[in-house]
Every structure is written in structure tokens, then in C-alpha cells.
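Trainee: structure for the following, please:
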Amino acid sequence: MRGAIIGFGEAAQHGHWPAYAASDILSIVAIVERTPERRRIAQSLSPSLRTYESFETLAAAEDLDFVDICTPPALHAAPLLAAIAQGWHVVCEKPFLIDDAALARARAGARDRAVAVVPVHNWKYAPIVREATRRLRDDAIGAVERIEIEVERLRDFKGADPLRPNWRRDPAIAGGGILMDHGWHAVYLALQWFADRPHAIDAEIRRPASSAVEDEADVKLVFARGTASIRLTWNGAIRRNTIRLAGSRRQKRRSRSEDRDHVQ
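Mentor: Numbering: from 1, shown residues only. The predicted structure follows:
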């Protein structure tokens with residue numbers, strides 16, 4: 001399958017591109033990037049890689065199977081809807097779409113053109129998360145009852161675009177702060193592991209100013225079988241992710257005689 005990356009920032013260069021370069025079934029043949037220096041970086045990665053300044057010039061020149069949208073969130077909708085209209089499949093960075101009307105149009109268009117439109121859920125495929133999911137599915141802890149996810153960052157991640165290096169702090173571009181940026185991952189993991197939707201949500205967020213995006217969030221999702229607690233901060237002491245799953249199967253405490261038998 002032949003594809004193009006739309007927006008060649010840090011995530012595209014260091015996350016998406018290396019995976020495609022190592023794939024024998026997916027090939028990136030073009031990059032759309034309005035910033036000249038980022039286009040030069042893309043061209044340096046492969047002599048056969050073609051670069052374009054706009055989606056329109058890409059669509060006029062290329063015959064593709066899919067696009068991978070890596071622009072800031074507020075800029076997802078236009079290329080996503082245009083790609084669907086072209087009949088191209090779409091992979092799109094999170095947060096997927098921040099406008100309900102655009103989401104409705106994307107759903108309708110994807111059905112009409114019979115194309116897949118898929119958000120990036122990369123945490124699901126991290127080796128340690130896949131192993132936790134496998135153990136859960138193998139009934140290692142019984143039915144999941146409690147999930148705790150903590151995300152600690154020293155600050156928000158700076159973007160590559162010199163005109164918008166701090167777009168994650170701009171509500172008009174990002175659509176939200178750390179809850180939209182890192183909370184997205186935590187929420188889809190909780191939905192996957194409970195295999196259900198929450199019936200109640202309790203959240204507390206912190207904004208450094210009334211017009212700013214949130215830099216800390218504490219969220220509790222209540223499911224029929226248990227709860228997911230999500231704590232997020234851009235003001236941490238270290239960079240780390242912590243995930244805990246507790247299930248219905250409790251380990252029975254052994255008696256002293258059983259312990260002696262086990263040792264022998």
C-alpha cells in the first residue's frame with residue numbers, strides 16, 4: 001500500500017516514518033509539509049521521497065491508498081475529509097477530531113466511500129501493554145476491577161513548527177491540554193480492558209490561568225464492573241508512565257505448613 005504523511009513534525013519523523021521504513025507492506029512515497037526546513041528533512045531521509053507544500057498539490061500528483069495525518073489537532077479535519085473524498089484510507093494522530101460536525105462528516109464519508117478511518121492508538125501496541133492485555137485475556141487476574149494509570153511529564157512536548165512551537169498550550173490548536181494529549185491514551189486503554197463504556201465520570205483539572213489549557217488532570221471512570229483512575233501532570237519530577245490492573249482473582253494466603261511444604 002502506498003501512502004503519504006501529512007505534517008512532518010517530531011512524531012512523524014521519529015515515530016511514524018521509521019515504522020513505515022521498516023515495513024514490507026506499507027510504503028510512504030510522499031510527505032506534505034508547509035515548512036521548508038521540515039520538507040528538507042523529509043527529503044534527506046530517502047532520495048525517492050516526494051514532498052509537497054499542500055494537500056491539493058499532493059492529490060493532483062499522487063495515486064495513493066492511504067494518508068497518515070500528523071498535523072496538530074485543529075488541522076486534522078481538512079486533510080482527513082479531503083482524503084476520504086479521494087477514496088483514500090486514513091490513519092490520524094490523536095486527538096482524532098475535536099469538532100462534532102467534522103466527526104459526523106467523517107463517519108458518513110467513510111461509509112459512503114468504504115474506506116477505513118483509524119485513530120492512532122499506539123500505547124495499545126507497546127510490548128508491555130500487549131503483554132498485560134494478553135495476561136488479562138488469559139484470565140491471569142480474573143475480571144478486571146480496577147485500573148490505575150499515572151502519566152508524569154516534566155513539561156509539555158515542544159513541536160517542530162517554528163511558527164507554532166508551543167501549540168500544545170494553545171486551546172485553539174490543541175483542543176485541550178494534558179487530558180487531550182496523554183489522557184487520550186489512558187482512556188482508550190481503560191475502554192479496551194473493561195470492554196465497556198463508563199456510566200459515570202468524575203474529573204478535576206488544573207489550569208495555570210483561566211484561558212489556558214489544563215496542565216494537570218485527575219479523572220475517574222466508573223464502569224459496571226469497576227473503576228479506572230487516571231492521573232496526569234505536565235509538572236512532574238520525572239518522566240514516567242505507571243499502569244496497574246487489579247482483578248477479581250485474589251491470591252489465597254498460604255498457611256505456615258503450606259509454606260514449609262513449598263520450601264521443601
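Trainee: contacts and neighbour counts: CA atoms only from here.
Mentor: OK.
Trainee: unless I'm mixing things up, residue 49 is touching residue 31, no?
Mentor: Yes. With the criterion set as Cα atoms under 8 Å, residue 49 and residue 31 qualify as a contacting pair; they are 7.3 Å apart.
Trainee: between the two, who's got more neighbours?
Mentor: Summary of the neighbour comparison: residue 49 and residue 31, criterion other Cα atoms under 10 Å, with residue 31 having more neighbours (27 against 14).
Trainee: just checking: what are the partner strands of the helix or strand that contains the more buried one?
Mentor: With elements taken from DSSP states H and E, the one containing residue 31 is strand 27-32. The pairing partners recorded for strand 27-32 under DSSP bridges are strand 2-6 (parallel), strand 50-52 (parallel).
Trainee: neighbours of residue 25, how many?
Mentor: Burial of residue 25, expressed as a neighbour count using other Cα under 10 Å, amounts to 8.
Trainee: does it count as helix, strand or coil?
Mentor: When states are read from DSSP: H, G, I helix; E, B strand; the rest coil, the local structure at residue 25 comes out as coil.
Trainee: touching, it and residue 19? I think so.
Mentor: No. With the criterion set as Cα under 8 Å, residue 25 and residue 19 do not qualify as a contacting pair; they are 11.0 Å apart.
Trainee: would you tell me which helix is longest in this structure?
Mentor: What stands out as the longest helix in the chain, according to DSSP state H, is helix 100-113.
Trainee: list the helices and strands that helix packs on?
Mentor: In terms of contacts (3 or more Cα pairs under 8 Å, 6 or more residues apart in numbering; DSSP states H and E), helix 100-113 is packed against helix 77-86.
Trainee: can you give the contact residues for the helix it packs on?
Mentor: Outside of helix 77-86, the residues that reach it under the criterion Cα atoms under 8 Å, 6 or more residues apart in numbering are 6, 55, 59, 66-67, 69, 89-90, 92, 97, 102, 105-106, 109-110, 113, 115.
Trainee: count the residues that sit near residue 3.
Mentor: With neighbours defined by other Cα under 10 Å, the count for residue 3 comes to 22.
Trainee: next: residue 204.
Mentor: Residues within reach of residue 204, counting by other Cα under 10 Å, total 11.
Trainee: could you give the bridge partners of it?
Mentor: Here residue 204 sits in beta bridges with residue 218, as judged by DSSP bridges.
Trainee: which pLDDT does the model give it?
Mentor: Looking at residue 204, its pLDDT reads 96.
Trainee: follow-up on the earlier one: what's the strand holding residue 31 in contact with?
Mentor: Residues outside strand 27-32 that contact it (Cα under 8 Å, 6+ apart) are 1-8, 17, 20-21, 39, 42, 48-55, 58.
Trainee: list buried residues within those.
Mentor: Among the contacts of strand 27-32, those that count as buried by neighbour count (16 or more other Cα atoms under 10 Å) are 3-8, 17, 39, 42, 50-53, 55, 58.
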